[in-house]
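Visitor: task: produce atomic coordinates for the following.
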Amino acid sequence: MADALDALAGRKGNKSQLVNDGLREWLKTRALKSVDTMLQHRLDRISRKQDRVSQQVHQGLELAVYTLEALMLFVQHELTVTASLQEMDAAAKAKGAKRYQEFIDRLGVNIAKGTAFSASNDDAVNGAREGSSEETGA
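Guide: Take a look at the predicted model:
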């Protein structure tokens, strides 16, 4: 080491200045690596927590979308299909049960396809109105 230091000092000048510069750079590099390692661990931890929160938010939004889809289909069904009944007889109850099952089936199809209410709204309203007018004889 002494021979290598003498050779470098002969070209550069002062040996102690050369050693000080080398030691300073080594400590700076080592300190930076230590800080980088600590920051990397902390950033990784924060990233994992952020991923978990993002996943939970996504699941919550997905549930909200399904709930909203069900509500909108129900309102659409009630406003476009259901006719006023004067008396609740067996035929009216059967018709109500059939309509409810159609509502549940439609909701399941929309959720399975991932389609939004607004995308299928026009076709459903037109089909429901045609079916309703045929049933009532209008």
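Visitor: so which residue is dead centre in this structure?
Guide: To find the centre residue of the chain, average its C-alpha atoms and take the closest one (C-alpha atoms, centre = their mean): that gives residue 58, at 3.2 Å.
Visitor: tell me the SS of it?
Guide: Each residue gets one of three states, and residue 58 gets helix by DSSP: H, G, I helix; E, B strand; the rest coil.
Visitor: for it, what are its contacts?
Guide: Under the criterion of C-beta atoms under 8 Å, 6 or more residues apart in numbering, the contact list for residue 58 is empty. For every residue, glycine as well, the C-beta is placed using N, CA and C.
Visitor: where's it relative to residue 111, distance?
Guide: Taking C-beta to C-beta, to the nearest Å as the criterion, residue 58 is separated from residue 111 by 16 Å.
Visitor: now residue 17
Guide: Remark: distance between residue 17 and residue 111 (C-beta to C-beta) = 75 Å.
Visitor: in what helix or strand does the residue of the chain most remote from its centre lie?
Guide: The centre of the chain is farthest from one residue, residue 10, which by C-alpha atoms, centre = their mean lies 65.4 Å away. Take DSSP states H and E as the rule and residue 10 turns out to sit in helix 2-12.
Visitor: which other residues reach that helix?
Guide: Contacts to helix 2-12, defined as C-beta under 8 Å, 6+ apart, come from residues 15, 18-19.
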